[in-house]
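[1] quick one: sequence plus predicted model below, questions after.
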Amino acid sequence: MVTDTREQTPRDRAMDQLKKRRDFRGHVLVYVLVNAFLVAIWAMTDPHGFFWPVFIIGGWGIGVMMNAWDVYWRPGITEEDIQHEIERDSRQN
């Protein structure tokens, strides 16, 4: 999604952030439910065997953490960032 930050109103930015947070909560809910189901399958079939759900939990967990970073900790794009990118692009052309 390409967005011109100068033309985006504060209300639009707030709506985008709220949508990201809502979507993240949904992602975490699905992560917990699916992984709980996989652990239950493991526990019912071979509770003393190798804990194979760890691969799904770990791999998907990395994706959840990247999603959390995007939603809560990623710095916004500033006017300085935009100008720097414009200057870098003009030097290459």
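    Received it, and whenever you're ready, just let me know what you need. Residues are numbered from 1 along each chain as shown.
[2] so where's the chain uncertain?
    1-7 (pLDDT under 70).
[3] any idea which residue sits dead centre in it?
    The residue lying closest to the centre of the chain (Cα atoms, centre = their mean) is residue 67, at 1.3 Å.
[4] name the element that residue belongs to?
    Element membership for residue 67 (DSSP states H and E) is helix 53-68.
[5] what about the helices in the chain?
    Using DSSP state H, the helices of the chain run over 10-45, 53-68, 79-92.
[6] what's the angle between the first one and helix 53-68?
    By that I understand helix 10-45. Helix 10-45 and helix 53-68 are oriented at 170 degrees to each other (axes from the mean of the first three to the mean of the last three Cα atoms, to 10 degrees).
[7] now do helix 10-45: distance to the chain's middle.
    Offset of helix 10-45 from its chain centre (Cα atoms, centre = their mean, to the nearest Å): 10 Å.
[8] which secondary structure elements does that helix sit against?
    helix 53-68 (3 or more Cβ pairs under 8 Å, 6 or more residues apart in numbering; DSSP states H and E). (Glycine included, C-beta is placed from N, CA and C.)
[9] same for the helix it packs on, what does it pack against?
    helix 10-45.
[10] these two touch, right, the residue nearest to the centre of the chain and residue 26?
    No: Residue 67 is beyond contact range of residue 26, at 10.4 Å (criterion: Cβ atoms under 8 Å).
[11] related to what we said a few turns ago, residues in contact with the residue nearest to the centre of the chain?
    When contacts are counted by Cβ atoms under 8 Å, 6 or more residues apart in numbering, residue 67 touches 24, 27.
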